[in-house]
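1. curious how this folds, go ahead:
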Amino acid sequence: MAHPRHQAAEEMLRRFAAAVRSGQLYAGSHPIVAQNVRALAQSVDHYLRAEPALVIGIIENEVIVGDLLVARGDGLQGFLRRLKQAGIERIAVDRGVTAEELTTLVATLSGLDGQTASESAFAGLPHVRVGRVTVGPTHDGPTESADMATFRRMYADAVGSANQLWQGAHTERQVDATVARTLVNGLAQAVSQNRTALLALTTLKDYDNYTFTHMVNVSILTMGQARGLGIDGPLLREFGLAALMHDIGKVRTPLEILNKPDKPTDDEFTIMKRHTVDGAAILRATPDMPALAPIVAFEHHRRLDNSGYPDIDRLTLNLATMLCSLADVYDAMRSQRAYQNAFPSDRILAVMKRSEGKQFDQHLVRRFVQLIGISPVGTLVKVDTGELAVVRQIHAPDPHRPQVRIISDKTGTMLERTCDVNLWEITPGTERPSAVAAPVDPEPLGIDPMALM
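-> Have a look, this model is predicted:
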């Protein structure tokens, strides 16, 4: 079943297309046109009750509504083709839009007839903005329609969908491929749009929903690595989908073992290890599931030196498996478990580097460190001068010296005006901060690092 936000977005888009199509067929005063515009206004009003703005974007052959990738049904093809022919790639509608504005918007779009739209045609619509949108391979700062609040909302929705996938696999013995693809499509678009912001969200800890946040985090971290290797488009989504499903075999693991608060015994661990084989079987039995998904589920605990499990005689791992394994180990180690304390990122990365050539490919480990940084984006830290700061951007040539936002003075008093500093540009030994001294737990201080980015 589709998520309510997806349903609202798809319904609104269908009504938009129907209104424009009726405007092409009938005069503007015709009752059918008025009826379709009223239906559109109701749908837009419903959508804007939950969202600050309605943003429709057409990027290559993808349709994005807000932060959601929407399936392109047959009824939308003519509408989308008309927009692309007119050079329109983005329509934004703000709260407060009137029925008159929507009527004018529909009439203007209906009358284009293959002509390139001019901005002046929409100038009299104060709550509507029409134009082009450009999404490059990576933007390190928030964009107008995809700020941190939007990403946080999308992340929460993704975790909810992961829960839905898990429960479905448990009861139906296979995965809902449509829900999985929709989830990953949204994450993949966000990785391409603002990889930094999305990676920051993976630092959020939700111990009660560990299984589902872990699924989402591993998918994001895997696609972040893949994007850095130049992988994009359908293949990027396949990597993300495989990573999302890597642990799905655990739905067949007895709950008393899966949720055991202590470290598992040898016998329990033997049972736990079966999840790789079970996961591959579940995904192979799922219609429309890419072949890469069962491969990664089967291999993700195999190591580069041919150790790990399942115990098979195979030396070559799939690239998606290697990226997923890095993401899996990293996210598991930094997450608080009942029998394991969370490790700071610098210790995790040190462990991963010591495993170079045995568990992980050394080239991929170095690239992972450059992607994540010693102190990941969104981390609250103390810099070498004593101030508190939030990490805003990783500096790949020197992951120890990121860009930070200073939020307090040396006494811990919060600043009225924050200050962004590129630590790699500061000479050590001066009075200005030049390096991260240590991570700081924000919870006891009542600080939300994401809100300060």
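
2. now do the residue sitting nearest the centre point of the chain against residue 373, distance only.
-> Geometric centre of the chain, nearest residue: residue 187, 3.3 Å, by C-alpha atoms, centre = their mean. Look at residue 187 and residue 373: by C-beta to C-beta, to the nearest Å, they are 20 Å apart. (C-beta placed from N, C-alpha, C; glycine too.)

3. wasn't residue 187 part of a helix?
-> Yes: counting by DSSP: H, G, I helix; E, B strand; the rest coil, residue 187 falls inside a helix.

4. OK, contacts around it?
-> Applying C-beta atoms under 8 Å, 6 or more residues apart in numbering to residue 187 gives the contacts 154, 158, 198, 216, 219-220, 223, 240.

5. per-residue confidence at residue 265?
-> We have a pLDDT of 93 for residue 265.

6. against residue 263, how distant is residue 58?
-> Taking C-beta to C-beta, one finds residue 58 at 51 Å from residue 263.

7. the more surrounded of the two?
-> Higher neighbour count among residue 58 and residue 263: residue 58, with 19 against 11, using other C-beta atoms under 10 Å.

8. what sits opposite that one in the beta ladder?
-> residue 63 (DSSP bridges).

9. need the contact list for it.
-> So residue 58 contacts 64, 80, 83-84, 88-90, 133 (C-beta under 8 Å, 6+ apart).

10. and what of residue 319?
-> Contacts of residue 319 by C-beta under 8 Å, 6+ apart: none found.

11. cool, and residue 432?
-> So residue 432 contacts 385, 421, 426 (C-beta under 8 Å, 6+ apart).

12. out of those, who's nearest residue 178?
-> Relative to residue 178, the closest of the contacts of residue 432 is residue 421; by C-beta to C-beta it sits at 45.5 Å.

13. give the rounded mean pLDDT of the helix or strand harbouring that closest one.
-> Take DSSP states H and E as the rule and residue 421 turns out to sit in strand 414-422. On average, the pLDDT along strand 414-422 is 91.

14. what residues of it count as buried?
-> residue 421 (16 or more other C-beta atoms under 10 Å).

15. which SSE is immediately downstream of it?
-> strand 436-439.

16. so, low pLDDT: which residues of the stretch 101-250 of the chain?
-> Scanning the stretch 101-250 of the chain for pLDDT under 70 picks out the ranges 113-115, 117-120, 132-147, 205-208.

17. quick one, helices of it?
-> 148-172, 177-193, 195-201, 210-228, 233-244 (DSSP state H, counting those that start in this stretch).

18. what's the helix or strand that the last one is followed by in contact with?
-> If I follow you right, that is helix 233-244. Scanning forward in sequence from helix 233-244 by DSSP H and E, the next helix or strand is helix 255-258. Outside of helix 255-258, the residues within contact range by C-beta under 8 Å, 6+ apart are 250, 264, 268, 271-272.

19. buried residues of helix 255-258, list them for me.
-> 257-258.

20. ok, residue 304 touching residue 317?
-> Yes: contact criterion C-beta atoms under 8 Å: residue 304 and residue 317 qualify, at 6.7 Å.

21. can you show me the strands along the stretch 351-453 of the chain?
-> 380-383, 388-393, 403-408, 414-422, 436-439 (DSSP state E, counting those that start in this stretch).

22. would you format those as a markdown table with distance to residue 193 included?
-> Converted to a markdown table, the strands of the stretch 351-453 of the chain look like this (distance: least, C-beta to C-beta, whole Å):
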| stretch | distance to residue 193 |
| --- | --- |
| strand 380-383 | 25 |
| strand 388-393 | 16 |
| strand 403-408 | 19 |
| strand 414-422 | 21 |
| strand 436-439 | 27 |
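
23. which one, of those, ends up nearest to residue 293?
-> strand 388-393 (32.4 Å).

24. sheet-wise, list the partners of the closest one with their directions.
-> Going by DSSP bridges, the partners of strand 388-393 are strand 380-383 (antiparallel), strand 403-408 (antiparallel).

25. model confidence over that strand, on average?
-> 93.

26. what's in contact with it?
-> Contacts of strand 388-393 (C-beta under 8 Å, 6+ apart): 140, 196, 373, 375-383, 402-408, 412, 420-421, 433, 436, 440, 447, 449, 452-453.

27. and if you look at stretch 365-373?
-> With C-beta under 8 Å, 6+ apart, stretch 365-373 has contacts from 199, 221, 224-225, 228-229, 326, 330, 345, 349, 352-353, 355-356, 391, 394-396, 399, 402.

28. drop anything exposed from these.
-> Using 16+ other C-beta under 10 Å, the buried members of the contacts of stretch 365-373 are 199, 221, 224-225, 228, 326, 330, 345, 349, 352, 355, 391, 394-395, 399, 402.

29. what's the closest non-adjacent residue to residue 275?
-> residue 249 (3.5 Å; C-beta to C-beta, 6 or more residues apart in numbering).

30. re earlier: now, the contacts of residue 58 that are in strands?
-> 64, 90 (DSSP state E).

31. which of the contacts of residue 58 lies closest to residue 24?
-> Closest to residue 24, out of all of the contacts of residue 58 and judged by C-beta to C-beta, is residue 83, at 12.9 Å.
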